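Asks: Build me a structure from this.
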Amino acid sequence: MKEKAILEMKGIYKSFPGVKALQDVNFTLCEGEVHALMGENGAGKSTLIKVLTGVYEKDGGEIYLRGLEKAAVIRSPQDAQRLGISTVYQEITLCPNLSVAENMYIGRGTGVAQNWKKMNEAADKILQSLDIPAKASQQLSSCSIAIQQMVAIARAVDMECKVLILDEPTSSLDEQEVAKLFGLMRDLKKRGVGIIFVTHFLDQVYEICDKITVLRDGKLVGEYEIKDLPRVQLVSKMLGKELDDMSDIKSDAKKYEGKDADIDVFEAENLQSNAGIKPFDFHIKKGEVNGFTGLLGSGRSECVRAIFGADKVINGSVKKNGKTIRIKKPIDAMKNKIAYLPEDRKKDGIVGDLSVRDNIILATQVLRGPFKPFSKAEANKVADEYIKLLQIKTASADTPIKSLSGGNQQKVILARWLLSHPDYLILDEPTRGIDVGTKIEIQKLVLKLASEGMSVTFISSETDEMLRTCSRLVVMRDRKVVGELSGEDMTQNKIMSTIAGGGLENAE
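Replies: Presented below is the predicted three-dimensional model:
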């Protein structure tokens, strides 16, 4: 093994029916190093991690760990844990109904776990040593998502992990929570733990990581020192092509110029739901892309959920094409040609066990009703059409959607709503947790749909993405609308000053 290396994966191969997921991939992790594993959705990152953690059995290659004379045999997650390899996933895999201490020791069969007092004392000692603001005796569900992830990390550290894998740990965290997590990661670095960091946030990679390994289409592109790989080059290597200047996305788009371009497709007045948002007014014109912006928890998602009837509306009125309509539940919105891609695709979007084809036709089938089912030939035709149109990477239309990467799942849900031919499309965080290439594709598609007359409301946590895509922004703070920006006012500084309450006159 290389000097200071605690893990070496050499010549790893893994295939699934119709897909070569990994082809001759090498990966090296050193002690006290944070190493980013980067690539588009479907590049092979998850498969490599699952091979390392024993979820998948590799087809070829060797895995070496410091301290072992021979290549490691990892056939299960339990094997990986015994060898000092631990994983903390994006979705917390702990038990929220148990205490922090119980979560740290559950299933470990240690003597400590048999004695409540000793267990709580041991857990508190670990939490304090890692500066994690939680008590051993408190119920895990009372902790924030960030603290729950830190508890999962504390469990791994106490099990003497040498290799810690953090799989999209920051996707649901705000800036302060990310800062706390990074503090813990730096502490673990000093202790000699090697950390594999999987994320789609480029800023975070350059803030916390020492090295980057890039995968593309199941193959190794290369391993790089962070100082030797500027962001533009990283994105280029992930995509396999030179990246167009992303700021040109908007300037290249054609504006909708129909006679009805000034007509409000949808209007809301004093709209309020049971989700705690203050009454708000809203409108969108034909062929316009507008958006809700604000900090995490500001009420962006609650506004569009009220528009779609996903939350119970308790006040206000809405109009579609100038006529008053009633939207009490999502089917009412769907019948009025309003479509909604939700923020949480796993919980509210995909039906995991159904095929790609069935997920695509779902909304249109609901609108048709039970007595007008799709024929097999028709379902195959539309599924193949949208798989091709959106370049969805799937072995076939029969593949269960849960087998697809996050970005491709997102494209399937987008296909579902495009098939219903909406007048008004709401996209809530359509690019969260997906690769840069797919993000650009979705942004370009949104602007193309608008140029053809579709109205689109676009929500993203990334301000740059909102500025590239939208022509008007509704600004939110503390679950109420605090401003609206368009034209020259659409700058990052003016968005932030409006959120902060300074108003446009105080923006630089």
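Asks: Could you use CA atoms for every contact and neighbour count after this?
Replies: Noted.
Asks: Lowest average confidence across helices and strands of the protein, where is it?
Replies: Lowest mean confidence among the helices and strands of the chain (mean pLDDT, DSSP states H and E): helix 248-252, at a mean of 60.
Asks: Which helix or strand lies directly C-terminal to that helix?
Replies: Next helix or strand after helix 248-252 toward the C-terminus (DSSP states H and E): strand 264-273.
Asks: Which secondary structure elements does that next one sit against?
Replies: Using 3 or more CA pairs under 8 Å, 6 or more residues apart in numbering; DSSP states H and E as the contact criterion, the elements in contact with strand 264-273 are strand 280-285, helix 300-308, strand 313-320.
Asks: for that strand, what is the average pLDDT?
Replies: Taken as a whole, strand 264-273 has an average pLDDT of 95.
Asks: Buried ones in that strand, by neighbour count?
Replies: Of the residues in strand 264-273, those scored as buried under the neighbour-count criterion (16 or more other CA atoms under 10 Å) are 264-268, 271-273.
Asks: ok, now stretch 89-101?
Replies: Buried residues in stretch 89-101 (16+ other CA under 10 Å): 90, 94, 98-101.
Asks: How many residues are close by the nearest residue to Thr213 once chain neighbours are set aside?
Replies: Ranked by CA to CA, 6 or more residues apart in numbering and with sequence neighbours excluded, the top spatial neighbour of Thr213 is Glu223, at 4.3 Å. Look at Glu223: counted by other CA atoms under 10 Å, it has 18 neighbours.
Asks: can I assume Asp24 sits in a helix?
Replies: No. The assignment for Asp24 is strand, going by DSSP: H, G, I helix; E, B strand; the rest coil, so no helix is present there.
Asks: can you offset everything so residue one is 848?
Replies: Shifting the count to begin at 848 puts that one at Asp871.
Asks: Next one: it from Tyr860, what distance?
Replies: Summarising the geometry, the distance separating Asp871 from Tyr860, computed by CA to CA, to the nearest Å, is 6 Å.
Asks: Spit out the contact partners of Gly1041.
Replies: Gly1041 makes contact with 853, 876-882, 1009-1011, according to CA atoms under 8 Å, 6 or more residues apart in numbering.
Asks: again, 6 Å this time
Replies: Taking CA atoms under 6 Å, 6 or more residues apart in numbering, we find Gly1041 in contact with 877-880, 1010.
Asks: coming back round to it: from the buried residues of stretch 936-948, which land in helices?
Replies: Counting by DSSP state H, the members of the buried residues of stretch 936-948 that fall within helices are 947-948.
Asks: Which of the buried residues of stretch 936-948 sits closest to Lys1125?
Replies: Of all the buried residues of stretch 936-948, the one sitting nearest Lys1125 is Gln937; the distance, using CA to CA, is 31.2 Å.
Asks: Tell me where the stretch 1098-1247 of the chain is predicted with low confidence.
Replies: Flagging of the stretch 1098-1247 of the chain using pLDDT under 70 yields the residue ranges 1098-1100, 1143.
Asks: just to revisit the earlier point, most tightly packed of the helices and strands packed on strand 1111-1120?
Replies: helix 1147-1155 (a mean of 24; mean count of other CA atoms under 10 Å).
Asks: That one to strand 1111-1120, inter-axis angle?
Replies: Our comparison of helix 1147-1155 with strand 1111-1120, counting by axes from the mean of the first three to the mean of the last three CA atoms, to 10 degrees, yields an angle of 110 degrees.
Asks: the inter-axis angle of helix 1147-1155 versus strand 1160-1167?
Replies: Here helix 1147-1155 runs at 70 degrees with respect to strand 1160-1167, directions being taken by the same axes, to 10 degrees.
Asks: Wait, Thr1278 touches Lys1286, no?
Replies: Yes. Contact between Thr1278 and Lys1286 holds when scored by CA atoms under 6 Å: they sit 5.4 Å apart.
Asks: out of those two, which sits in the busier spot?
Replies: Neighbour totals were compared for Thr1278 and Lys1286, and Thr1278 leads with 25 against 17 (other CA under 10 Å).
Asks: Phi first, then psi, for that one.
Replies: Thr1278 has phi and psi values of phi -110, psi 10 when expressed as degrees, to the nearest 10.
Asks: cool, and Lys1170?
Replies: Reported as degrees, to the nearest 10, the phi and psi values for Lys1170 are phi -110, psi 130.
Asks: and the residue lying closest to Phe1127 once chain neighbours are set aside, how far is that from Glu916?
Replies: Distance criterion CA to CA, 6+ apart; nearest residue to Phe1127, sequence neighbours excluded, is Asn1117 at 4.8 Å. Asn1117 sits at a distance of 70 Å from Glu916 (criterion: CA to CA).
Asks: Now do the same contact list for the closest residue to Asn1162 other than its chain neighbours.
Replies: What sits nearest to Asn1162 in space, not counting adjacent residues and going by CA to CA, 6+ apart, is Gln1119, at 5.0 Å. Remark: with contacts taken as CA under 6 Å, 6+ apart, Gln1119 is in contact with 1126, 1160-1162.
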